[in-house]
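# need a 3D model of the sequence below.
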Amino acid sequence: MTPPFYEGELLFVDPEAKVESSKYVLALQENVVEPVFKQVVIEGDKKYLRSTNPNWPEPVILLDDSWLIIGVVIFVGRTV
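This next block holds a predicted model:
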């Protein structure tokens, strides 16, 4: 189950944190300028990126060599 994320929240991303199944990450695909915010799913030797938006047209993406995980979300907060 995906925890709720809300517009305006701040995501703290650690580029050195260990990538583990169920963690939320920023990932960047080759030749694409903007990173995506997804959840990592690891099943055996296969890795996937799962959308945090249940209405996204491509809910699961195979994490292949064209993808680079640039950081793991370690904290979510909001300004007051």
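# which residues touch stretch 24-38?
Stretch 24-38 is contacted by residues 5, 11, 13, 19, 39-40, 49-52, 61, 63, 66-73 when judged by CB atoms under 8 Å, 6 or more residues apart in numbering. C-beta: built from backbone N, CA, C; applies to glycine.
# cool, stretch 42-54 as well?
2, 5, 20-21, 24-25, 27, 36-41, 58-63, 67.
# hmm, try it at 7 Å
Residues outside stretch 42-54 that contact it (CB atoms under 7 Å, 6 or more residues apart in numbering): 2, 5, 21, 27, 37-41, 58-63.
# show me those residues that map onto strands.
The strands, defined by DSSP state E, take in 27, 37-41, 60-62 from those.
# just the buried subset of those, written out for PyMOL, thanks.
Burial among the ones in strands among the contacts of stretch 42-54 is assessed by 16 or more other CB atoms under 10 Å; the matching PyMOL selection reads:
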select buried, resi 27+37+38+39+40+61
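# shaky segments in this structure?
Residues of the chain meeting the criterion pLDDT under 70: 1-3.
# pull the longest strand from this structure.
Looking across the chain with DSSP E, the single longest strand is strand 67-77.
# buried residues of that one, list them for me.
Result for strand 67-77 [16+ other CB under 10 Å]: buried residues 67, 69, 71-73.
# can you redo these as TSV with distance to Asp45?
Converted to TSV, the buried residues of strand 67-77 look like this (distance: CB to CB, whole Å):
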residue	distance to Asp45
Trp67	15
Ile69	16
Gly71	23
Val72	20
Val73	24
